[in-house]
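S.K.: Structure, please.
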Amino acid sequence: MKAVVLVSGGMDSATLLFHVVKTLGYDEIYALSYEYGQKHNRELVSAAWQCAQLTEVIETKVLDISVYGEITAGASALTDENIKVPALDAISESDLDQPPTYVPNRNMVMLSLAAAFAESRDCDVIFYGAQAHDQYGYWDCTTEFVERINNVFTLNRKNKIRIEAPFAKMKKSDELKLGLDLGVDYSQTWSCYRGAEKACGECPTCIERLQAFKEAGITDPLEYE
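M.R.: I've put the predicted structure just below:
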């Protein structure tokens, strides 16, 4: 059983990688990560570490699309050095459905490249770690987005690639519990959007991570400022 898995190095993708191998039984994994000009590109170190823990991962590739940072300059706090990554409580309620940490069309681009990668590796399924954010959301992490992009991929006349996002409706705390049962080492994951030496503890993804650990009754192994 072959699959492409998008591995960013965060909690969601690390859990997904182990879930695809240990729960779903895929035994030939092609792991794909992206350098897209993100401030927190240290996550790629975590991605490589997680992939190295599973013998089922037979190829790990990092695609350099850092030009994406130039394309999205002025539009995303993740890729523009002049836009500060905000604390979650500093984001207005009206912006929570598409906060400053949204990167325009990122997931569409990444999944399109992943589809080309999957075809070249004779895989028909791509897994990515879209997760039902508890306090904010992105349109390209929804089940509707997955359904529609899969509809596009059905136009392929020979290789019918499909996207699977098994955590799209799952709370992060439930995902964490699943990962712990599967043996994921969360000290070797990175979530903070600011990408400093220590996690900030206040950006949207840090808050979600800390809340997940709190709900699970476990101490987060990462160091925070």
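
S.K.: Next one: Ser191 relative to His40, how far apart?
M.R.: Computed with C-beta to C-beta, to the nearest Å, the distance linking Ser191 and His40 is 8 Å. Every C-beta, even on glycine, is put in place using the N, C-alpha and C of the backbone.

S.K.: Neighbour count: these two, which is higher?
M.R.: Between Ser191 and His40, counted using other C-beta atoms under 10 Å, the more crowded position is Ser191 (26 against 21).

S.K.: What confidence value was assigned to the more buried one?
M.R.: The predicted local confidence for Ser191 comes out at a pLDDT of 97.

S.K.: For it, pull up the helix or strand it's in.
M.R.: Applying DSSP states H and E as the criterion places Ser191 outside every helix and strand.

S.K.: Let me know the average pLDDT across the helix ranked longest in the chain.
M.R.: Secondary structure assigned by DSSP state H gives helix 106-120 as the longest helix of the chain. The average pLDDT for helix 106-120 rounds to 97.

S.K.: Run me through the strand neighbours of the helix or strand following it, direction for each.
M.R.: Where DSSP H and E defines the elements, the next helix or strand beyond helix 106-120 is strand 125-127. In the sheet, strand 125-127 lines up against strand 2-6 (parallel), strand 162-164 (parallel) (DSSP bridges).

S.K.: what about the residue of the chain positioned farthest from its centre, distance to Asp124?
M.R.: Residue distances from the centre of the chain (C-alpha atoms, centre = their mean) peak at Arg157, which lies 28.9 Å from the mean C-alpha position. Taking C-beta to C-beta as the measure, Arg157 falls 14 Å from Asp124.

S.K.: from the chain's centre, how far out does stretch 150-162 sit?
M.R.: Relative to its chain's centre, stretch 150-162 lies at 23 Å (C-alpha atoms, centre = their mean, to the nearest Å).

S.K.: Just the CA trace of that stretch, in CSV.
M.R.: Below are the C-alpha coordinates for stretch 150-162, written out as CSV (Å, rounded to 0.1, in the frame of the first residue of the first chain):
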residue,chain,number,x,y,z
ASN,A,150,-10.9,15.7,-5.5
ASN,A,151,-13.6,16.4,-8.0
VAL,A,152,-11.0,18.2,-10.1
PHE,A,153,-8.5,15.3,-9.8
THR,A,154,-11.2,12.9,-11.2
LEU,A,155,-10.7,14.6,-14.6
ASN,A,156,-7.3,12.8,-14.9
ARG,A,157,-7.9,10.2,-17.6
LYS,A,158,-5.5,7.6,-16.3
ASN,A,159,-4.3,8.3,-12.7
LYS,A,160,-7.2,9.1,-10.4
ILE,A,161,-5.4,10.8,-7.4
ARG,A,162,-7.5,11.4,-4.3
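
S.K.: Could you give me the buried positions within it?
M.R.: Neighbour-count burial for stretch 150-162, counted by 16 or more other C-beta atoms under 10 Å, picks out Asn150, Phe153, Ile161.

S.K.: Return the member of those nearest to Leu32.
M.R.: Of all the buried residues of stretch 150-162, the one sitting nearest Leu32 is Ile161; the distance, using C-beta to C-beta, is 13.0 Å.

S.K.: OK, contacts around the closest one?
M.R.: With contacts defined as C-beta atoms under 8 Å, 6 or more residues apart in numbering, Ile161 is in contact with Ala115, Ala118, Glu119, Cys123, Asp124, Val125, Ile126, Phe153.

S.K.: at 10 Å what do you get?
M.R.: Going by C-beta atoms under 10 Å, 6 or more residues apart in numbering, Ile161 touches 4, 111, 114-119, 123-126, 149-150, 152-154.
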